[in-house]
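Peer 1: what shape does this take:
(chains A and B)
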Amino acid sequence: MSEKEYFYITTTLPYINSEPHIGFAAEIIKADVIARYQRQQGKHVFFNTGTDEHGLKVYQKAQAEGLSVAEYCDKYSAKFKPLKEKLNLSYNKFIRTTDASHQAAVQEFWRRCFNQGDIYKKKYEVKYCVGCEMEKTDSELENGFCPLHPGQKLELIAEENYFFRFSKYQKQLLALYKQDNFIIPASRQKEINNFVASGLKDFSISRQREKMPHGVPVPNDDSQVVYVWFDALVNYISTLGWPQTESNFAKYWPAVQVCGKDNLRPQAAMWQAMLMSAGIKPSKQILVFGFLTNNGQKIGKSLGNTIDPYSLVEKYGSDALRYYLLAEISTFADGDYSEDKFITRYNADLANGLGNLVARVANLLEKNEIKTKLKPDLTFTDIKKTVTLFEKSMANYHFNEALQIIWEKISELNESLSTQAPWKLEDRAAIASVLIPLAQDIINLAYLLEPFIPLTAVKINTQFQMNQIKKGEALFPRLN
RNA sequence: CGCGGGAUAGAGCAGUUGGCAGCUCGCCAGGCCCAUAACCUGGAGGUCGUCGGUUCGAGUCCGACUCCCGCAACCA
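Peer 2: Residues are numbered from 1 along each chain as shown, chains lettered A, B, ... in the order given. You can find the predicted model right below:
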């Protein structure tokens, strides 16, 4: 490779009206796997995440907690930052949409769209529930009434906001969806294609400051603030320094964006249209992940069955959680979490599989005082087939499949050890000739596992690079 | 005719160019004893939702149907 390639990946920014939840943890862990894998491939990686902090809900929650919005944002944004250490993430940028540089970028982005003639002011009617003292969107209504106040008629209030000419970009968006692998999985690309093909309505991109002051000021109109969607999406480029430092932007853009399936429209349609309007290249690729259920039940704040990633890490460690989310659940499909499944998976694969194999081989090497000098070597004959299959799965982001391939190898090594039974042999050289190839395979597997379970990979790597490999502590003690 | 996803062994799932049905857990029977009561071998268990079509051959493609589940935009 003459010159290093650049690679940019970003998660969506979680909205800070609640604590970090397992769904976002799953999303950012997958992004982390991709980022780490790309680094292994020798690329310069820019890995972005952060928090989305504007908008009505944050404004209301701040008031409810008796905090200024700034205090509230600092407090809640800070709840997301420890994910980096707790989940062992490798992102190198944490952007907040309240950052001054981001706000300036939003305004510049707005101006560019405005200059294209894609932003206009329009009066329209919003539905207002007197009972709730709140505006309601159609999707919040049941049979045209507020579910909390079904007897009351909704009032219609005239409001004037800025709109974005989404409809103008229908054809260009449809052309974009012709490109294979723009959105993965393909079914999502089909879905958004059908949605866009069915017709687009312009959407409002501002709010009256009087009602909701917590947002980026609209350029040249003090009475309005930028609507949070429009604002938040711009982070994908403002985080690169756009429009100030074009050089960084030029190197890394366009991005691979990951999101949950609820974010398909904003990412794959609205944001792409916004980029077109501003004269910026579309995203490189959008990966759309599924949702998690808790024991088969939909997870929701109202159901009170949210899963706190921090407590899971506290209990089982970051690698165990990462492994579960990556191995048990198909990358793009919905998946389920339950403690029973977690423990079963942990014991079967991490304790009995990988952990036990490492213990067996290391112990035999130590007991027989066999000296080694190993380092990862993917050209090692015995690992080649595994590497080929592994890379194929990784290219499609099929992480569960990639891990399965590694675990087939682990199983093969356990079998090989049992068959050759070096503990029955007398001759040290013969014992060594059995164990050293196994140790070489293990250190190679650790290399492949680094994007998935980085702490364990480092442990194994350190352990197996020693001249005298020692048994040491169990990597994953069995859970009961 | 709103959009999309799913239906594969007792449970949970994988099967992306159509080619003898796989994985994990659980269950039964052996082996081993280096290891984290771990590991290895063998076995029982499936009309791949239903019906029809294409094909030498379909879980995999096409059509119809049944049953589940999301979404239905300006709520971030």
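Peer 1: please count neighbours and contacts with C-alpha atoms only from this point.
Peer 2: Will do.
Peer 1: so what touches stretch A:255-264?
Peer 2: A:7-12, A:27, A:31, A:188, A:192, A:236, A:267, A:283-291 (C-alpha atoms under 8 Å, 6 or more residues apart in numbering).
Peer 1: wait, A:Phe342 sits on A:Arg322?
Peer 2: No. Contact criterion C-alpha atoms under 8 Å: A:Phe342 and A:Arg322 do not qualify, at 10.9 Å.
Peer 1: so between those two, which is more surrounded?
Peer 2: Neighbour tally, A:Phe342 and A:Arg322, criterion other C-alpha atoms under 10 Å: the higher count belongs to A:Arg322, 21 against 18.
Peer 1: now the more buried one: how far from RNA strand B?
Peer 2: Relative to RNA strand B, A:Arg322 is positioned 16 Å away (criterion: C-alpha to the nearest atom of the strand, to the nearest Å).
Peer 1: A:Ile205 now?
Peer 2: 6 Å.
Peer 1: quick one, what contacts the residue in the stretch 201-350 of chain A that RNA strand B sits nearest to?
Peer 2: In the stretch 201-350 of chain A, the residue that lies nearest RNA strand B is A:Phe203 (3.3 Å; C-alpha to the nearest atom of the strand). For A:Phe203, the contact set (C-alpha under 8 Å, 6+ apart) comprises A:Phe163, A:Phe164, A:Arg165, A:Phe166.
Peer 1: quick one: which of the residues you listed is most hemmed in?
Peer 2: Result: A:Phe164 is most packed of these (other C-alpha under 10 Å), 25 neighbours.
Peer 1: grab the nearest non-local neighbour of it.
Peer 2: Closest residue to A:Phe164 apart from its sequence neighbours, by C-alpha to C-alpha, 6 or more residues apart in numbering: A:Ile119 at 4.8 Å.
Peer 1: and if you look at A:Lys470?
Peer 2: A:Glu366 (5.1 Å).
Peer 1: and what of A:Thr239?
Peer 2: That would be A:Ile95: by C-alpha to C-alpha, 6+ apart, it lies 6.3 Å from A:Thr239.
Peer 1: so what pLDDT did the residue of the stretch 201-350 of chain A closest to RNA strand B get?
Peer 2: Listed pLDDT for A:Phe203 reads 89.
Peer 1: and for A:Leu141?
Peer 2: You'll see A:Leu141 listed with a pLDDT of 66.
Peer 1: cool, A:Lys211 as well?
Peer 2: 85.
Peer 1: what is the neighbour count of it?
Peer 2: The number of residues packed near A:Lys211 is 10, by other C-alpha under 10 Å.
Peer 1: wait, is A:Glu3 part of a strand?
Peer 2: No. Assessed with DSSP: H, G, I helix; E, B strand; the rest coil, A:Glu3 is coil; it does not lie in a strand.
Peer 1: what about it, how many neighbours?
Peer 2: By other C-alpha under 10 Å, 7 other residues sit near A:Glu3.
Peer 1: now the one residue in chain A that gets nearest to RNA strand B: how far from A:Pro454?
Peer 2: For chain A and RNA strand B, the shortest gap (C-alpha to the nearest atom of the strand) falls at A:Gly355, measuring 2.6 Å. Distance of A:Gly355 to A:Pro454, computed by C-alpha to C-alpha, to the nearest Å: 14 Å.
Peer 1: do the same with A:Gln440
Peer 2: Counting by C-alpha to C-alpha, the separation of A:Gln440 from A:Pro454 is 18 Å.
Peer 1: pretty sure A:Met276 is touching A:Met270, no?
Peer 2: No. In this structure, A:Met276 is not within contact of A:Met270 by C-alpha under 8 Å, at 9.9 Å.
Peer 1: ok, which residues in the stretch 101-250 of chain A are in contact with RNA strand B?
Peer 2: Neighbours of RNA strand B within the stretch 101-250 of chain A, by C-alpha under 7 Å from any atom of the strand: A:136-140, A:187-188, A:190-192, A:194-195, A:199-205, A:227-229, A:232.
Peer 1: out of those residues, which end up buried?
Peer 2: By neighbour count, with 16 or more other C-alpha atoms under 10 Å, these hold A:Lys136, A:Arg188, A:Ile192, A:Asp202, A:Phe203, A:Ser204, A:Ile205, A:Tyr227, A:Val228, A:Trp229, A:Ala232 as buried.
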